[in-house]
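Structure, please.
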Amino acid sequence: MSVFTDPFDRLMDDLQETARPQREWVDGRGLLLIAGHFLSGVGAGGWAFSSALGFLPGEITSLIVVGLGGLAHLLFLGRPERFWRMVRVRSSWVGRGFVGLNILMAAGVVSLALRATGLGGGGWASAVWGLSLVGAGIVMLYKGNVYAVCRAIPFWNSSLLPVLYVAYALRGGTALLLLFLPWTPLSADHGLIEVLELWIGLSAGVCILFYLTIMANSSVGARRSVEDLLRGRVAAAFYGGVVAVGFVIPVAIGLLNAVTPVSMGVLALVGLASLVGDFYVKYAIAKAGRYLPHVYQAR
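Okay, here's the model as predicted:
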């Protein structure tokens with residue numbers, strides 16, 4: 001019986017607030033959507049870096065991660081067998097993301113197959129690889145835009161959000177490569193990956209600070225979302241997952257490594273902490289979303 005009464009009671013509680021929290025894209029089945037955005041972003045970023053470095057384990061893992069992201073998206077749908085209806089490229093960022101994900105998967109697999117058969121040095125191989133990067137770019141770009149076009153949720157309705165999601169997808173890609181360091185050396189200098197990870201991590205931190213500053217001085221709904229993040233119902237996820245694990249630990253170890261080189265295992269820990277932080281960024285932003293106030297004068 002509680003299955004039917006709890007959502008009703010919760011809805012009644014939510015309606016008593018000035019700006020109702022959104023729960024569809026984060027609670028229950030909504031966690032699959034967060035997982036899908038996280039996995040597809042990490043996979044797309046991982047493919048971009050690992051294919052540029054010619055790091056085969058990273059390329060294969062990235063495509064698997066992207067595939068898992070696509071599966072999470074399908075499981076989020078109420079009727080997965082109707083997935084094809086989301087393909088509305090001209091009017092929907094969800095449709096563009098779906099197309100981009102399929103381009104990345106198909107071109108990525110063909111690119112790996114061409115190299116495995118000794119045909120990876122021709123013009124066609126370069127064209128296919130370039131197409132895979134286009135797909136990866138679309139995947140990194142669409143997620144932030146899916147949120148940013150939601151005018152009913154002021155906290156998401158910002159042109160800065162797509163930039164933030166791209167930055168975290170790139171950081172997730174470098175973090176994924178760091179996980180391989182203890183077992184498989186990269187063909188490129190791993191110091192380059194460390195610097196990239198640290199630089200993108202700092203940039204993403206600045207983006208979040210800038211984003212929250214703008215939203216804190218925006219509409220009532222956006223200000224309530226910022227309050228949720230800083231001292232409300234999402235504060236534990238924000239301070240614990242985003243700030244402590246996802247920002248302080250990677251930056252602190254990165255700066256320590258600049259002074260005294262740390263082991264490959266510790267660098268892998270940086271990658272793991274960054275990935276945890278990336279997940280919680282997406283979770284916290286989705287969880288903090290609130291609809292426009294019911295009362296028009298309060299908007």
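
ok, then the element right after the helix or strand encompassing residue 50?
Using DSSP states H and E, residue 50 sits in helix 30-53. Using DSSP H and E, the helix or strand that follows helix 30-53 towards the C-terminus is helix 56-76.

Check what contacts the helix or strand just after that next one and list those residues.
Note on helix 56-76: by DSSP H and E, the next helix or strand toward the C-terminus is helix 93-116. The contact list for helix 93-116, computed with CB atoms under 8 Å, 6 or more residues apart in numbering, reads 40, 43-44, 47, 51, 56, 59-60, 62-63, 66-67, 69-70, 73, 83, 86-89, 120, 122, 124-125, 128-129, 131-132, 134-139, 141-143, 145-146, 149. Where C-beta positions appear, they are placed from N, C-alpha and C, glycine not excepted.

got the contact list for the one residue sitting closest to the centre of the chain?
Among the residues of the chain, residue 38 comes closest to the average C-alpha position under CA atoms, centre = their mean, at 3.9 Å. Shown here is residue 38, whose contacts under the criterion CB under 8 Å, 6+ apart are 69, 172, 278-279, 282.

Now tabulate the residues you listed in CSV and tack on neighbour count and pLDDT.
CSV is the format used below for these (neighbours: other CB atoms under 10 Å; pLDDT from 0 to 100):
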residue, neighbour count, pLDDT
69, 23, 95
172, 30, 93
278, 29, 94
279, 24, 96
282, 24, 95
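
ok, so of the residues you listed, who is nearest residue 25?
Residue 25 lies nearest to residue 282 out of these, by CB to CB, at 10.1 Å.

hang on, isn't residue 153 packed against residue 288?
No: here residue 153 lies out of contact with residue 288, judged by CB atoms under 8 Å, at a distance of 9.5 Å.

Distance check, residue 283 against residue 140.
Distance from residue 283 to residue 140, counting by CB to CB, to the nearest Å: 18 Å.

can you check residue 59 too?
16 Å.
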